[in-house]
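# after the sequence you'll find the predicted model.
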Amino acid sequence: MKTLPPEEVNRIRPLLLGDEKRRGRNKFLYAYDILVRNWAFSFSIWPLPNNDVVQIINNEIDYNDLPFEDQNETEKGMLFEDLRQFLTKHMPGERMLCEAMNYVACLEEKCPLFRHKNTEAGGQYGICSEFKIAFKIVK
């Protein structure tokens, strides 16, 4: 759709702000920060809220039933190369963690949001289409 309906914006905005408040950048490196580095102003590019991602993973809602904004999806897709480079920098020595699932190991191919490895979209390691991958900072 061209733009998200106002009720959807009102639903996801506080969820995304809550997700941001819970990020622990002293403990984890976030794929989400690729979006932050590339947006023109706050939340001009955004992923699904963690709550929605968890519901998709648990088969409580269908990803395709959620409203989306065409331009946002296009811009996220344009950043997949940055995401692939982020993963290459940390893989294979580190384990991909799922930010939405409270930093458990990424489900990879078992997750409906994961783009499979060794595909055009997924690249060498596979990627999360919603930028929910994190890596634990090793000191």
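Great, that's in hand.
# what segments of the chain are helices?
Assigned by DSSP state H, the chain shows helices spanning 6-22, 32-38, 50-57, 70-78, 80-90.
# how about the ones you listed, which one is nearest I133?
Nearest of the helices of the chain to I133, taken as C-beta to C-beta: helix 80-90 at 7.0 Å. Every residue, glycine included, has its C-beta placed from N, CA and C.
# show me what that closest one is packed up against.
Judged by 3 or more C-beta pairs under 8 Å, 6 or more residues apart in numbering; DSSP states H and E, the packing partners of helix 80-90 are helix 32-38, strand 127-128, strand 133-136.
# make TSV out of these and add mean neighbour count and mean pLDDT.
As requested, those are exported to TSV (neighbours: other C-beta atoms under 10 Å; pLDDT from 0 to 100):
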stretch	mean neighbour count	mean pLDDT
helix 32-38	16	95
strand 127-128	26	94
strand 133-136	22	96
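# any idea which of these gets closest to K2?
Nearest of the helices and strands packed on helix 80-90 (C-beta to C-beta): helix 32-38, 20.5 Å.
# what about T74, how many residues nearby?
10 (other C-beta atoms under 10 Å).
# now do I45
I45 has 21 neighbouring residues, counting by other C-beta under 10 Å.
# picking up where we left off before, make JSON lines out of the helices of the chain and add distance to K132.
What follows is the helices of the chain, written out as JSON lines (distance: least, C-beta to C-beta, whole Å):
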{"stretch": "helix 6-22", "distance to K132": "9"}
{"stretch": "helix 32-38", "distance to K132": "7"}
{"stretch": "helix 50-57", "distance to K132": "6"}
{"stretch": "helix 70-78", "distance to K132": "12"}
{"stretch": "helix 80-90", "distance to K132": "11"}
